[in-house]
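Q: One predicted model, sequence on top.
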Amino acid sequence: MIQRPDPTFHASPKLAIEAPPEKFAYSLLLSSDFSKPDALAVIDVDPASSDYGKIFHTITMPNKGDEFHHFGWNACSSALSPLTGHAFVERRFLIIPGLRSSRLYIIDTKPHPTQAKIHKIIEPEEVFHKTGYSRPHTVHCGPDGIYVSTLGGSGPNGTDGPPGIFIIDCETFDVLGRWEIDRGPQTLHYDFWWNLPRNYMVSSEWGLPPQFENGIVPEDLLANKYGHRVHFWDLAGRRNVQTIDLGAHHQMALEIRPAHDPAREYGFLGVVVDTTNLEGSIWTWWREGEKFRIEKTATIPPEKADPDMLPPLLKGFGAVPPLVTDIDLSLDDKFLYVACWGTGELRQYDVTDPRKPKLTGSIHAGGIVRKSPHRSGATFAGGPQMLEISRDGKRVYVTNSLYSTWDDQFYPDGVPGTVALVNVNPSGGIEIDKNFEVEIPEGYRTHQIRLEGGDCSTDSFCYSSA
Amino acid sequence: MLTAGGWNAGLWLAVVVSGLYHGTNPGMGWPLAVSAGLFERRSAAVFKALALLGVGHLAAMAVVLLPFGLLTMLIAWSRQIQVTAAVLVIGFGIFLFFNRRHPRVLARIPPTKLALWSFAIAVAHGAGLMLVPIYLGLCTTTQPADPGHEAAIVLASNSLILALAVAAVHTAAMIAAGGVIAWSVYRYLGLQVLSKLWINLDAFWALSLVAIGLLDLYAAGYA
C-alpha cells in the first residue's frame, strides 16, 4: 500500500519545473506498412549515461496493424487534486491506444523502465461494446479515471454515431463507459485537455475514420469537410457548454494546449491548414466570465515551390503548406513550440502575452521541398512533428512521422524514424543538438514521446504556482 | 470503573479529538483552502474556503446525529440503539477497509461548490458515523439518572440540542486543525510540503471507525 504520493506528482507547474530532469524517454515505434508489430522504445536520455541516446529496451506488441499514435500515463500530478483526495496511485503504467485497431495496451514501467512489459491488453471488442466508440486517440489522467478520446463512433467505418471520450479505471484498467452526458453539436473529435480546478474541458476536431485511415481525402479538404470547430465543456457536469466555429476554411483544429498554471484561464490551438491560402495558424482561446472566446493570433505562410518538386497531392498548388500538426507549451507557459511538418520547421513563440505570440526561434529540419538535413549532416526525413518539452523547458524532443497513410502522400520517399533533441536558450532561441542521434530500428517510424516522470503534454496541475 | 462525570468529560474530549483528526486529513479538504488562496492570491480566500468546508462538514455531522437524537426518545431501547449504532459503525469501517475505492460520483461535484463537496465527502467517508457512538454515550451521561419523570419530548429536544452541540464542537475543532495546516502551507511552508503532509489515512480511517464502534460496544456493556 502506498503511504505517500508518488514523488513525480507535483502540486504546481513550478514544482515540476524544479524536479530532477528526465533520464528516460518513451517513444512509439510504428511499422508503417503493418508488416511488423508496433513497439514502444525506451531511450536513455541521461547525458551522464554511457548509453545516452540509445534505445536500451523495446517492448514489441503481440499484434500487427495497431498504428500507435498518442499515449499517456495512468496517473499524473492531477492525482494531487484537492477535490478527489486520491493521491495514492502510482505513475507507473503507460496507456497506448492503437488508433487503427482500437486495441489498447497497458505497459507496466516498474520496477525499472529497462524491465517495462505488457500488463494488460484491452481488446477492441471491449471498447466497442462498452462505449460505442472506436479509434482511441488522446489519453489524459483525470479526476475519476483515465480519459481517452476517440476519433470514430461505432460501426465498421466508425461513422455510426459520433466519436467521443470514454473512461478507464486507473487501477483495474476496466473500460467504464462513455464520459459525455450532453455532447451538444459535437460530432467530430481529436484532442482534448482541461483546467481541472476551473472545471472545464476543451476539445478539437480532425475528421471521421474514412477521412484519414486511407490517407487524406483531397476532395473533402477542398470542400472544407474536416473539423473546424472547438468545443468547451463543463467537466464535472459532462456537458458541452459552448461550440465555436473557426470558419470552415480553417481545416483540422488539432492540438489543445491550455496554460499549465490553472490560475491562467487561456490556452492555444493549432490549425493545420487554411484552405483559402494554405496558411497554418495558432489560435488563443480564453475564458471571459462564463463565456469562452478564441482568436487567430499567429499565422505561418506557405512556401512557393516548383510543382516538379511536389508530391502529386500538392502539385496543383505550387506551394508547400506549413501543416501545423503539433504544438506544445512549456511548463512555465512562456514558450509555445509549433511543428510545421510540411515546410520542415520548428518554431518557438514567446507567448508571455498569450494573445500576441512573438516568434523567438526557428530551426529547419526536413521538409517536403527544403529537405534540410539534421545539424549533424544526416538526412532528416519528413519534418518536425510530435514535440515533447522537458519539464525544465531546456530540451524539446522531436519526432518526424504524422500518420502512416498521410506520410506516404506528403513524403512519398518514406519517413524513416528519427528522434531529435532541440536545446532551448532560456531567453529565447533554439538549436538542434548535433550529438544526439537515436538509432531507430529499420522499418519503423516514430511518433509521440513521453518522458519519465511527466512532461509538458501529460501532466495536469491543480494548484497555481503563485 | 469511571464515573458518569468522567465518561462525560472523556466523551467531549473525543468529540474534539475526532474533529482535530478529521481536520488533519487532507481528504476532508484543507488542500482546497490552500488552492483557493493561491488562486485568488489573497489570505481571505483561504478563510472563506475553510468556512465553506466547515458549513458542509457541520451539515454532514448534523444529518447523521439528528436522527439518532430522535431515537433517544425510545428510552427503553437505548441499549439496543447503542449496540446497533456500534455494529453499524464497525460494519462501515470494515467496508471502507476492504473497499478503498473513492466513489466516482464525487467527481461530479463542481469545484465551486465547496460546502456541498465537504458535505458529500464527509458523508461518503462515514465522518458523521464516527461521532454517533460518542454522541450516544453523551446522551446517556448527560440525561438525568432517573429519566422516567421527564416527558419524552423534553428528552428528545435535549438530545437534539446535544446533537447540534456535538456537531458544532467537532466541526470547530476540525476547521481549527485544517485551518492551521492550510494557513501554514499557504503562508509559510509552500506547496512543496503538500505532498509530504499528504499521508495515506485510508486504512487508519477505516480502523478508527472499527475502534470507535468497539469502544461503544464496551460502553454499552459496562458504562
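A: Nice, I can see it.
Q: So which bits of chain B are right by chain A?
A: Applying CB under 8 Å from any CB of the partner chain, we find that chain B lies next to chain A at B:26-27, B:29, B:31-32, B:34-35, B:38-39, B:41, B:102, B:104, B:106-112, B:117, B:121, B:191-192, B:194-196, B:198-200, B:202-203. Where you see a C-beta, it was placed from the backbone N, CA and C, and this is true even at glycine.
Q: Got a PyMOL select line for the buried ones in the residues you listed?
A: Of the residues of chain B next to chain A, the buried ones can be selected in PyMOL as follows, counting by 16 or more other CB atoms under 10 Å in any protein chain shown:
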select buried, chain B and resi 26+27+29+31+32+34+35+38+39+102+106+107+109+111+117+121+191+194+195+198+199+200+202
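Q: In helices, which of the residues of chain B next to chain A appear?
A: Among the residues of chain B next to chain A, the members found in helices (DSSP state H) are B:31-32, B:34-35, B:38-39, B:117, B:121, B:194-196, B:202-203.
Q: closest to A:L314 among those?
A: Of all those, B:F39 has the smallest distance to A:L314: 47.7 Å, by CB to CB.
Q: ok, now which ones touch that closest one?
A: A:197, A:262-263, A:464, A:466, B:45 (CB atoms under 8 Å, 6 or more residues apart in numbering or on different chains).
Q: Okay, now the unreliable bits of chain B?
A: Residues of chain B that meet the criterion pLDDT under 70 lie in B:1-2, B:4, B:143-152, B:222-223.
Q: now with 90?
A: The model of chain B has pLDDT under 90 over residues B:1-11, B:27, B:68-85, B:96-112, B:124-125, B:133, B:136-159, B:195-205, B:212, B:215-223.
Q: Let me see the ranges of the helices in it.
A: B:4-24, B:30-40, B:43-71, B:78-98, B:114-124, B:132-142, B:152-183, B:194-197, B:202-222.
Q: Check the stretch 101-250 of chain A too.
A: Applying DSSP state H, counting those that start in this stretch to the stretch 101-250 of chain A gives helices spanning A:124-131, A:218-222.
Q: closest to chain B out of the ones you listed?
A: Nearest of those to chain B, taken as CB to the nearest CB: helix A:124-131 at 15.2 Å.
Q: which of the residues in that closest one are buried?
A: A:124, A:127-128, A:130-131.
Q: pLDDT and distance to chain B for those residues - can I get that in JSON lines?
A: Formatted as JSON lines, these follow (pLDDT from 0 to 100; distance: CB to the nearest CB, whole Å):
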{"residue": "A:P124", "pLDDT": "97", "distance to chain B": "25"}
{"residue": "A:V127", "pLDDT": "97", "distance to chain B": "19"}
{"residue": "A:F128", "pLDDT": "97", "distance to chain B": "22"}
{"residue": "A:K130", "pLDDT": "97", "distance to chain B": "15"}
{"residue": "A:T131", "pLDDT": "97", "distance to chain B": "16"}
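Q: what residue is smack in the middle of chain A?
A: A centroid search over chain A (CA atoms, centre = their mean) returns A:H70, at 5.8 Å, as the residue closest to the centre.
Q: Quick check: the residue of the stretch 151-300 of chain A nearest chain B.
A: Closest contact between the stretch 151-300 of chain A and chain B, by CB to the nearest CB, is at A:A236 (4.5 Å).
Q: will you turn the helices of the stretch 101-250 of chain A into CSV that also has distance to B:A173?
A: As requested, those are exported to CSV (distance: least, CB to CB, whole Å):
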stretch, distance to B:A173
helix A:124-131, 45
helix A:218-222, 65
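Q: quick one: which of those is nearest A:I107?
A: Using CB to CB, the helices of the stretch 101-250 of chain A put helix A:124-131 closest to A:I107, at 17.4 Å.
Q: Any chance you could list what contacts that closest one?
A: When contacts are defined by CB under 8 Å, 6+ apart, helix A:124-131 is touched by residues A:98, A:101-104, A:133-134, A:136, A:150, A:154, A:164, A:166, A:175-178.
Q: For the stretch 301-450 of chain A, which segments count as helices?
A: Counting by DSSP H, counting those that start in this stretch, one finds helices in the stretch 301-450 of chain A at the ranges A:312-315, A:404-410.
Q: What is the nearest of the ones in helices among the residues of chain B next to chain A to B:I212?
A: B:A203 (15.1 Å).
Q: which non-adjacent residue is nearest the closest one?
A: Closest residue to B:A203 apart from its sequence neighbours, by CB to CB, 6 or more residues apart in numbering or on different chains: B:F97 at 6.3 Å.
Q: Likewise for A:Y190?
A: Nearest residue to A:Y190, sequence neighbours excluded (CB to CB, 6+ apart): A:W206, at 3.9 Å.
Q: Up against chain B, what does the stretch 51-200 of chain A have?
A: Contact residues (CB under 8 Å from any CB) of the stretch 51-200 of chain A with chain B: A:80, A:82-88, A:143-145, A:176, A:196-199.
Q: now, which of these lie within strands?
A: A:145, A:176 (DSSP state E).
Q: quick one: which of the residues of the stretch 51-200 of chain A next to chain B is nearest B:G221?
A: Nearest to B:G221 among those, with distances taken as CB to CB, is A:G85, at 35.7 Å.
Q: what's the distance between the closest residue to chain B within the stretch 301-450 of chain A and A:Y411?
A: Across the stretch 301-450 of chain A, the shortest distance to chain B (CB to the nearest CB) belongs to A:L331, at 14.3 Å. Distance, A:L331 to A:Y411, by CB to CB, to the nearest Å: 32 Å.
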